[in-house]
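Participant: No letters, just coordinates:
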Ligand code: G4P
């Protein structure tokens, strides 16, 4: 294995959470541990607090100029950690789902007061589709939260994953006294804003030890003793292979804002989190230790500065070594391209890189060559699979307000769909262009960008669809007949896949039972493995 040393050093992951659970705060603490930032407050939240387009645009403009926040690379104890950022706003969930295809594991932050929330569920569904290993961080233990046992039960039930507590809390809110590390058998007493220095640790090999009562008081010492006995009996040792196969999720309790419980998690993370793994493609499995380079585009970030119309394509390296100025094969375009200014994102700075290894993300300046899911190789023809597209939830017809600008509109819509900002469907047999999004905010963003970047002025007409279902069948005649008979409700997506646009769940169920030979899917894959 030529690059084994580099591969073993890398951990590529994302932090996911429902907005406000503490993702930004935890990110910042991890960066502090990694020395990538020196002061708290350096990481700007990518949340859109006022839910207004202008806010979003301002944030995007800043992010466009400083794309460094999309990937944060830092070193911790000789391990190179690539932390991939995900948008905080639920209307941009698709972006998050795609970023999850580029990571090898995730840390899921749950607010200890609110427990499992809507976005937590959806993100976990995506993780489950790919069997992504998950570590859970239960945050805000300094606030009065749910009973610890009830909370774990709720998470297990709602997210359908078996949990394995690694630390155990002593109360919450004002009474929060700290966490007990179940594997290292020591206690860390809670202090606001700790830096996680070792002196805080108290070894507890014997629960009859007087120091435990001295530190916690008799009542809490007794509760902890009973809790630990119970948890140990039920869970025993963590099976790392069960974690790696996504059957079990280790759980840590803490308070990100107080930098409490974070170090325990980070130390375990670098010990057990997966190194870059093998990936499936449309043709064969690509093993991480292959000498030849391969990678795929999982995100495209538009530079919203009108003076610079270029974009940045984020490529996840899957095998081999990526080198600056070397020609690589762009499989979809069947063209060899070299990159003279590839970027890495060390210490939150954009830096030109000479090379990159599996697990790394490189930013490539793009003048329109890339779309999400594109694969780069050293000559071989295959596509990385497993990059999903989900059914949008809101649909609108695009109406061109300025017929003189039809070409610009066409180009703008194509580029915005390549970036994955929106999904575009064309009605069967007609020319009606239908845009599908997850949230209203995206429509405003598209309208704004079409006008400012392409000079095309559009208006949207609401359409009464509930879901777009990709339809497939082994019986091509039946599929053709269905598409023809239901032409008002069928269309094609930008890759030419047929979709059925259902008005309601009732319509969908009716079509399903009337057409048993047709399969209706709520998600589609950009590239599928050939059988
Ligand atoms: P997000 O990225 O997941 O959306 O969450 P973020 O880190 O921005 O945290 C959301 C809010 O929760 C912030 O407060 C943050 O300070 C607070 N928070 C994070 N971790 C903890 C914790 O361990 N304990 C407590 N009590 N609060 C925590 P905010 O008022 O919305 O923002 P800010 O004005 O403090 O920045």
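Facilitator: Sure thing, it's come through. Values in this document were obtained by computation on a predicted structure and should not be read as measured data.

Participant: any low-confidence regions in the stretch 151-300 of the chain?
Facilitator: 193-200 (pLDDT under 70).

Participant: That one against the ligand: which residues are in contact?
Facilitator: 255, 256, 257, 258 (Cβ under 6 Å from any ligand atom). (C-beta placed from N, C-alpha, C; glycine too.)

Participant: which pair in those residues spans the largest distance?
Facilitator: Largest separation among those by Cβ to Cβ: 256 and 258, giving 7.5 Å.

Participant: More neighbours: these two, which one.
Facilitator: Ranked by neighbour count (other Cβ atoms under 10 Å), residue 256 and residue 258 place residue 256 first, with 25 against 19.

Participant: and that one, what does it touch?
Facilitator: 22, 25, 26, 29, 109, 137, 139, 140, 262 (Cβ atoms under 8 Å, 6 or more residues apart in numbering).

Participant: what's the answer for residue 412, then?
Facilitator: By Cβ under 8 Å, 6+ apart, residue 412 lies in contact with 449, 450, 453, 454, 456.

Participant: quick check, nearest of those to residue 70?
Facilitator: Each of the contacts of residue 412 was checked against residue 70 using Cβ to Cβ; the closest is residue 449, at 18.1 Å.

Participant: Tell me if that closest one really is in a helix.
Facilitator: Yes. With DSSP: H, G, I helix; E, B strand; the rest coil as the criterion, residue 449 is located in a helix.

Participant: What residues does it make contact with?
Facilitator: Applying Cβ under 8 Å, 6+ apart, the residues near residue 449 are 302, 304, 412, 416, 421.

Participant: Can you add distance to the ligand and give those residues back as a markdown table?
Facilitator: Formatted as a markdown table, those follow (distance: Cβ to the nearest ligand atom, whole Å):
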| residue | distance to the ligand |
| --- | --- |
| 302 | 23 |
| 304 | 22 |
| 412 | 31 |
| 416 | 26 |
| 421 | 21 |
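
Participant: which of those residues tops the neighbour count?
Facilitator: Most surrounded of the contacts of residue 449: other Cβ under 10 Å gives residue 416, at 23 neighbours.

Participant: How is this protein partitioned into domains?
Facilitator: Following automatic domain parsing, one finds the domains of the chain at 4-272, 279-377, 394-530.

Participant: would you turn those domains into JSON lines with distance to residue 386?
Facilitator: JSON lines is the format used below for those (distance: least, Cβ to Cβ, whole Å):
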{"stretch": "domain 4-272", "distance to residue 386": "6"}
{"stretch": "domain 279-377", "distance to residue 386": "6"}
{"stretch": "domain 394-530", "distance to residue 386": "7"}
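
Participant: Comparing the ones you listed, which yields the minimum mean pLDDT?
Facilitator: Looking at the domains of the chain, the lowest mean pLDDT belongs to domain 4-272 (a mean of 84).

Participant: what's the offset of that one from the middle of its chain?
Facilitator: Chain-centre distance of domain 4-272: 15 Å, with Cα atoms, centre = their mean, to the nearest Å.

Participant: For residue 518, which non-adjacent residue is spatially closest?
Facilitator: Spatially, and ignoring its direct neighbours in sequence, residue 518 is nearest to residue 473 (4.6 Å; Cβ to Cβ, 6 or more residues apart in numbering).

Participant: So which of the contacts of residue 256 belong to helices?
Facilitator: 25, 26, 29, 262 (DSSP state H).

Participant: burial count for the last one?
Facilitator: Around residue 262 sit 24 other residues, with neighbours defined as other Cβ under 10 Å.

Participant: do the same with the third one
Facilitator: Per other Cβ under 10 Å, the neighbour tally for residue 29 reads 27.

Participant: doesn't residue 259 make contact with it?
Facilitator: Yes. Between residue 29 and residue 259 there is a contact at 5.1 Å, judged by Cβ atoms under 8 Å.

Participant: can you tell me how far the nearest residue in space to residue 508 that is not next to it in sequence sits from residue 367?
Facilitator: Ranked by Cβ to Cβ, 6+ apart and with sequence neighbours excluded, the top spatial neighbour of residue 508 is residue 502, at 3.9 Å. Per Cβ to Cβ, to the nearest Å, residue 502 is found 38 Å from residue 367.

Participant: Which one's more surrounded, those two?
Facilitator: Using other Cβ under 10 Å, the more surrounded residue of residue 502 and residue 367 is residue 502, with 21 against 8.

Participant: isn't that one right up against residue 464?
Facilitator: No. Using Cβ under 8 Å, residue 502 is not in contact with residue 464, being 10.1 Å away.

Participant: now residue 467: how far from the ligand?
Facilitator: In this view, residue 467 and the ligand are 28 Å apart by Cβ to the nearest ligand atom, to the nearest Å.

Participant: what's near enough to touch that residue?
Facilitator: 391, 393, 501, 502, 508, 522.

Participant: What residues of the host helix or strand of the fifth one count as buried?
Facilitator: Here residue 508 is covered by helix 505-514, with elements defined by DSSP states H and E. Of the residues in helix 505-514, those with enough neighbours to count as buried (16 or more other Cβ atoms under 10 Å) are 507, 508, 511.

Participant: Spit out the contact partners of the second one.
Facilitator: The one in question is residue 508. Residue 508 touches 466, 467, 469, 500, 502, 520, counting by Cβ under 8 Å, 6+ apart.

Participant: please redo it, this time with the cut-off set to 7 Å
Facilitator: Contact analysis of residue 508 by Cβ atoms under 7 Å, 6 or more residues apart in numbering lists 467, 469, 502, 520.

Participant: May I have the phi/psi pair for the third one?
Facilitator: Reported as degrees, to the nearest 10, the phi and psi values for residue 502 are phi -90, psi 140.

Participant: hang on, it packs against residue 469?
Facilitator: Yes. With contact defined as Cβ atoms under 7 Å, residue 502 counts as touching residue 469 (6.2 Å).

Participant: picking up where we left off before, please name the residues that touch the residue nearest to residue 508.
Facilitator: Applying Cβ under 7 Å, 6+ apart, the residues contacting residue 502 are 465, 466, 467, 469, 508.

Participant: Pretty sure the fourth one sits in a helix.
Facilitator: No. Residue state for residue 469 (three-state DSSP) corresponds to strand; a helix is not indicated.
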